[in-house]
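Novice: any chance you could fold what I've pasted below:
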Amino acid sequence: MSASLVRRGLELLEAPGRGEAPSGVHRGQDGTGAAGAARRRKRVPGPDRNKATVKGRVVKSAIEEYHKKKAVNHLRENLKYMLKGRIVANKAITEQVLAQTRGRKSKDQPPKKVAKKKPEGTVFTEEDFRKFEREYFGRP
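Specialist: Residues are numbered from 1 along each chain as shown. Alright, predicted model coming up:
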């Protein structure tokens, strides 16, 4: 984190009654000579001057930026939109669209529909089975 961001964060968290330290207490940068006097004249008193900003740029609040970039939940609007229209397309049309968008690869092909085999009836009747029993096992 840069020093300017830390300073800005501390300003946000600072108690309203406490201000900056008096101007002469800062770091002893102000000299007593001509250079020190020029620096004192240049400096604007109060917290409104931020050295980290470019000329004409407004300092943005970190809290406002956080609220601006916070994720928004669109679930309710999306559900309303999706449930609003209940139009169902014709099955023939949907099949046609699916057929047009289908590729030539095997993974794009629909599974083959297996025709259900009808259970074949037996060729023999009950009478034929009884006749076979009599002939084979010798029962009357």
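Novice: just the helices in this protein please.
Specialist: According to DSSP state H, the chain carries its helices in the segments 3-13, 34-42, 62-69, 75-84, 91-101, 126-137.
Novice: could you measure from the most centrally placed residue in the chain over to Thr125?
Specialist: Taking CA atoms, centre = their mean, the centroid of the chain lies closest to Ala71, which sits 8.7 Å from it. Distance, Ala71 to Thr125, using CB to CB, to the nearest Å: 76 Å. To be clear about C-beta, it is placed using only N, CA and C from the backbone, and glycine gets the same treatment.
Novice: what's the local residue count around Arg8?
Specialist: For Arg8, the neighbour count with other CB atoms under 10 Å is 17.
Novice: same question but for Lys117, I mixed them up
Specialist: Neighbours of Lys117 using other CB under 10 Å come to 6.
Novice: lowest-pLDDT helix or strand in the chain?
Specialist: Every helix and strand of the chain was ranked by mean pLDDT, DSSP states H and E. The lowest is helix 34-42, at a mean of 73.
Novice: ok, and for stretch 84-97, which residues are buried?
Specialist: For stretch 84-97, the neighbour count (16 or more other CB atoms under 10 Å) marks no residue as buried.
Novice: quick one: that stretch to chain centroid distance?
Specialist: 29 Å (CA atoms, centre = their mean, to the nearest Å).
Novice: what's that stretch in contact with?
Specialist: Contacting residues not belonging to stretch 84-97 are not present [CB atoms under 8 Å, 6 or more residues apart in numbering].
Novice: format the CA atom coordinates belonging to it as CSV.
Specialist: Output in CSV follows, covering the C-alpha atoms of stretch 84-97 (Å, rounded to 0.1, in the frame of the first residue of the first chain):
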residue,chain,number,x,y,z
LYS,A,84,-42.6,-13.5,-17.2
GLY,A,85,-42.7,-15.2,-20.6
ARG,A,86,-44.4,-18.6,-20.7
ILE,A,87,-44.3,-19.0,-24.5
VAL,A,88,-43.2,-22.5,-25.5
ALA,A,89,-42.0,-23.1,-29.0
ASN,A,90,-43.5,-25.7,-31.3
LYS,A,91,-41.7,-29.1,-31.0
ALA,A,92,-41.3,-29.4,-34.8
ILE,A,93,-39.5,-26.0,-34.9
THR,A,94,-37.2,-26.8,-32.0
GLU,A,95,-36.3,-30.1,-33.6
GLN,A,96,-35.5,-28.3,-36.9
VAL,A,97,-33.3,-25.8,-35.1
